[in-house]
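Engineer: sequence and predicted structure below; questions after.
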Amino acid sequence: MKVIRTIAELRSELKDRRESGSGPVGLVPTMGYLHEGHASLMRKAREMAGTVVVSIFVNPIQFGPGEDYETYPRDEARDLALAESEGVNVVFIPTVQEMYPQPTKTKIAVSEITSLLCGASRPGHFDGVTTVVNKLFNIVKPDYAFFGMKDAQQVAVIEQMVQDLNMDVTIVPCPIIREADGLALSSRNVYLQPEERKEALVLSGSLRTAQEAIRQGQATTAGEIRAFLRDYISRSPLADIDYAELLTFPELVPVEDSYRIADEGRTIIMALAVRFGRTRLIDNALLQPKVGGSHV
């Protein structure tokens, strides 16, 4: 495994690999502090690509004022050990100066679908995400790029960018990876105090029980499901709900309260963002239409 820190060296390495016939290039963009969720992306990349590149870069332009850029967890040695254990070929770890040698005057902005959910409470966040991902695509020129569905809005935004700009890369969404008790893996979970960690299980619990309520016909409309999610999460005295929403996916159009979940064949996402103390966690579940129109 090669560890590369400059754009020029990475381009040279990938040029040599392509010329040697190493096959498709797969990119796993990360901000480091890697966990099993990232490892699952690397394994999927190994299945589909001859060269697997993992980028580790805490991107300053996707953090807003007062957010956790300076304190975002970092552990390069652990990250490199995990990447090597998963058979990664190249790890790209640039500095901020390498990625942004001067203040950037150009940003990639996807409209509409970035103005709700996380985009509503984190203005400018997705402009930072799409700009750095675009830079990584231009540097690496991957055939495939792998993103976890825990950040489902991010997946939808990046897919929209790729489609709109005719980018020659296939986006591969990968399933959410959870702890044994259901908590979605996140680098920010390390911020949780013991009691907050316990209470945070209301996110996955609300999604799981809402799906069961839908199956049993106890919650049939989008409005009922929204209320169900909020009521369930509100049982936690530490939970501060940012949003609990139902939208179409990947279009991210809010679903009207009267919409009956079993009536049509649209894919619906139940999307959550909840704060526990200083830690903001997100989670989601897709309601996939069955043949005949009902959802699971």
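Structural biologist: Cool, got the structure.

Engineer: show me where pLDDT drops low in the protein?
Structural biologist: Where the chain drops to pLDDT under 70, the residues are 263-264, 290-296.

Engineer: so the most centrally placed residue in the chain, which state does it fall into?
Structural biologist: Nearest to the geometric centre of the chain sits residue 151, at 2.6 Å (CA atoms, centre = their mean). Following DSSP: H, G, I helix; E, B strand; the rest coil, residue 151 is assigned to helix.

Engineer: tell me the bridge partners for the spatially closest residue to it that is not a sequence neighbour.
Structural biologist: With CB to CB, 6 or more residues apart in numbering as the criterion, residue 151 has its nearest non-adjacent residue at 6.9 Å, and that residue is residue 282. (Each C-beta comes from the backbone N, C-alpha and C, glycine too.) Counting by DSSP bridges, residue 282 is bridged to residue 273.

Engineer: you'd agree residue 282 is up against residue 149?
Structural biologist: No - Residue 282 lies out of contact with residue 149 (CB atoms under 8 Å); the separation is 10.9 Å.

Engineer: quick revisit: check the burial of the residue nearest to residue 151 by counting its neighbours.
Structural biologist: Neighbourhood size, residue 282 [other CB atoms under 10 Å]: 21.

Engineer: what's the answer for residue 22, then?
Structural biologist: Counted with other CB under 10 Å, residues neighbouring residue 22 total 14.

Engineer: now do the SS call for it.
Structural biologist: Counting by three-state DSSP, the backbone at residue 22 sits in coil.

Engineer: list the contacts of it.
Structural biologist: 50-51 (CB atoms under 8 Å, 6 or more residues apart in numbering).

Engineer: against residue 5, how distant is it?
Structural biologist: 21 Å (CB to CB, to the nearest Å).

Engineer: can you check residue 276 too?
Structural biologist: In this view, residue 276 and residue 5 are 35 Å apart by CB to CB.

Engineer: ok, the two, which is more surrounded?
Structural biologist: residue 276 (22 against 12).

Engineer: what's the spatially closest residue to residue 259 that is not a sequence neighbour sitting at in phi/psi?
Structural biologist: Once flanking residues are discounted, residue 259 sits nearest to residue 222: 4.5 Å by CB to CB, 6+ apart. Backbone geometry at residue 222, expressed as degrees, to the nearest 10, gives phi -60, psi -40.

Engineer: now do the strands in the stretch 151-296 of the chain.
Structural biologist: Ranges of strands within the stretch 151-296 of the chain are 170-174, 239-248, 268-276, 279-287, based on DSSP state E, counting those that start in this stretch.

Engineer: okay, the angle between the last one and strand 268-276?
Structural biologist: On the basis of axes from the mean of the first three to the mean of the last three CA atoms, to 10 degrees, strand 279-287 is oriented at 160 degrees to strand 268-276.

Engineer: list the contacts of strand 279-287.
Structural biologist: If you take CB under 8 Å, 6+ apart as the criterion, strand 279-287 is touched by 118, 149-152, 176, 184, 186, 188-189, 191-192, 196, 200, 203-204, 207-208, 210-211, 214, 242, 249, 261, 267-275, 295-296.

Engineer: can I have the buried ones of these as a PyMOL selection?
Structural biologist: Buried residues among the contacts of strand 279-287 (16 or more other CB atoms under 10 Å), as a PyMOL selection:
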select buried, resi 118+149+150+151+152+176+184+186+189+191+192+196+200+203+204+207+210+211+214+242+249+261+268+269+270+271+272+273+274+295
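
Engineer: which other helices and strands does the helix or strand hosting residue 37 contact?
Structural biologist: Per DSSP states H and E: residue 37 is located in helix 36-48. Packing contacts for helix 36-48, counted by 3 or more CB pairs under 8 Å, 6 or more residues apart in numbering; DSSP states H and E, involve strand 25-30, strand 51-56, helix 76-85, strand 144-148, strand 170-174.

Engineer: of those, which approaches residue 163 most closely?
Structural biologist: Nearest to residue 163 among those is strand 170-174 (9.2 Å), distances taken as CB to CB.
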